Each structure stands twice: as C-alpha cells, then as structure tokens.
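A.B. asks: Coordinates for the following, if possible.
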Amino acid sequence: GASLTEAEVRWLIDHEFARAADDILWRRTKLGLRMNHEEVAALDTWMRLKAEAA
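C.D. replies: The predicted structure is shown next:
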C-alpha cells in the first residue's frame with residue numbers, strides 16, 4: 001500500500017533493524033498517513049511471519 005514495496009520493507013528490516021509496521025510507517029517513512037487499517041495490518045502480519053521464519 002501507499003507505494004511501499006516488499007524490497008523497501010526487506011531493506012528496512014535488514015539494514016535499519018525495523019521490527020514492526022508502525023516503525024516503518026511512522027518513524028522511517030510517514031506512509032502511515034496514506035495507508036488504511038487493513039494495509040497496516042497486512043504489513044504487520046507479513047513482517048511477523050517473516051521474522052518467525054528467520
């Protein structure tokens with residue numbers, strides 16, 4: 001959502017140590033202003049699943 005790509009999220013996780021959707025959407029990009037609740041929840045779920053798989 002809001003033009004945020006999987007590659008950008010992976011980079012933020014790997015290089016900037018982002019661990020939660022809110023961290024990416026508010027502290028690092030301010031894209032939280034443009035994403036709806038469902039998009040935020042989907043990103044948070046995706047990040048949690050990736051962390052569990054690692």
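
A.B. asks: residues contacting the residue nearest the centre of the chain?
C.D. replies: Closest to where the C-alpha atoms of the chain average out (Cα atoms, centre = their mean) is Ala21, at 4.0 Å. Residues counted as contacts of Ala21 (Cβ atoms under 8 Å, 6 or more residues apart in numbering) are Val40, Ala41, Leu43, Asp44, Met47. Any C-beta I mention is one placed from the backbone N, CA and C, and that applies to glycine too.

A.B. asks: can you rerun that using 6 Å?
C.D. replies: Val40, Leu43, Asp44, Met47 (Cβ atoms under 6 Å, 6 or more residues apart in numbering).

A.B. asks: Leaving aside the residues adjacent along the chain, what's closest to the second one?
C.D. replies: Right, the one you point to is Leu43. Leaving out its chain neighbours, the residue that sits closest to Leu43 by Cβ to Cβ, 6 or more residues apart in numbering is Ala21, at 4.3 Å.

A.B. asks: give me the element Thr45 is part of.
C.D. replies: Counting by DSSP states H and E, the element that carries Thr45 is helix 37-53.

A.B. asks: Go ahead and measure how far that helix is from the middle of the chain.
C.D. replies: 7 Å (Cα atoms, centre = their mean, to the nearest Å).

A.B. asks: List the buried residues for stretch 37-48?
C.D. replies: Of the residues in stretch 37-48, Glu39, Val40, Leu43, Met47 count as buried by neighbour count, 16 or more other Cβ atoms under 10 Å.

A.B. asks: can you check stretch 15-25 too?
C.D. replies: Burial within stretch 15-25, assessed by neighbour count using 16+ other Cβ under 10 Å, is assigned to Ala18, Ala21, Asp23, Ile24, Leu25.

A.B. asks: Could you find the closest non-adjacent residue to the fourth one?
C.D. replies: This means Ile24. Excluding the flanking residues, the one nearest Ile24 by Cβ to Cβ, 6+ apart is Ala18, at 4.9 Å.

A.B. asks: before we move on, which element is that neighbour in?
C.D. replies: Per DSSP H and E, there is no helix or strand for Ala18.

A.B. asks: Kindly tell me how buried the nearest residue to Thr29 once chain neighbours are set aside is, as a neighbour count.
C.D. replies: In this structure, Thr29 finds its nearest non-sequential neighbour in Leu4, 7.0 Å apart by Cβ to Cβ, 6+ apart. Residues lying near Leu4 (other Cβ atoms under 10 Å) number 18.

A.B. asks: Alright, I will stop here.
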